[in-house]
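**Q** Turn this into a structure:
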Amino acid sequence: MWQELSGCRQAKYFLHGFDSSRARYALRLSRKHLITLVGILTGHADLNRHLFIMGVSQDLKCPFCQEDEDTSLHFIAQCSALMLLQKEIFGDYTISLDILSNIHWFLILKFAKASKRFYRP
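**A** You can find the predicted model right below:
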């Protein structure tokens, strides 16, 4: 039923039903890492498109490539400036949108940390 609703566009790519092992993984995360993970999975992270919708930013573009809207989907699967990092962490230069739900959340957090986008020293 949730898949047929018109909202939650980005979350639907990352979440395709309940997975108890991923739920256990998320429950063991620190608050900081859980906030980052949930933000990426739902599109409510510190990404320019979300910040623009909230009225915090005037820029929709990705700060890495300046090509597309800065969304979770773009950050994880489509940013040309992060292709080498995608290959290193996910094993491929490009990630098909229909396999996003198969990527373990550990790798999503690893990618976010390696990009230095959400984790600052």
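**Q** tally of neighbours for residue 38?
**A** Counted with other CB atoms under 10 Å, the neighbours of residue 38 add up to 15. To be clear about C-beta, it is placed using only N, CA and C from the backbone, and glycine gets the same treatment.
**Q** and if you look at residue 68?
**A** Residue 68 has 16 neighbouring residues, counting by other CB under 10 Å.
**Q** what do you get for residue 24?
**A** 9.
**Q** doesn't it fall inside a strand?
**A** No - if the criterion is DSSP: H, G, I helix; E, B strand; the rest coil, then residue 24 is helix and not within a strand.
**Q** so how far is residue 73 from it?
**A** Counting by CB to CB, to the nearest Å, the gap from residue 24 to residue 73 is 26 Å.
**Q** same check, this time on residue 50
**A** In terms of CB to CB, residue 50 sits 12 Å off from residue 73.
**Q** hey, what's in contact with both of these two?
**A** residue 43 (CB atoms under 8 Å, 6 or more residues apart in numbering).
**Q** Residue 62 is in contact with residue 74, correct?
**A** Yes - shown here, residue 74 and residue 62 form a contact pair, counting by CB atoms under 8 Å, at 5.8 Å.
**Q** now the strands: where do they sit in this structure?
**A** Using DSSP state E, the chain contains no strands.
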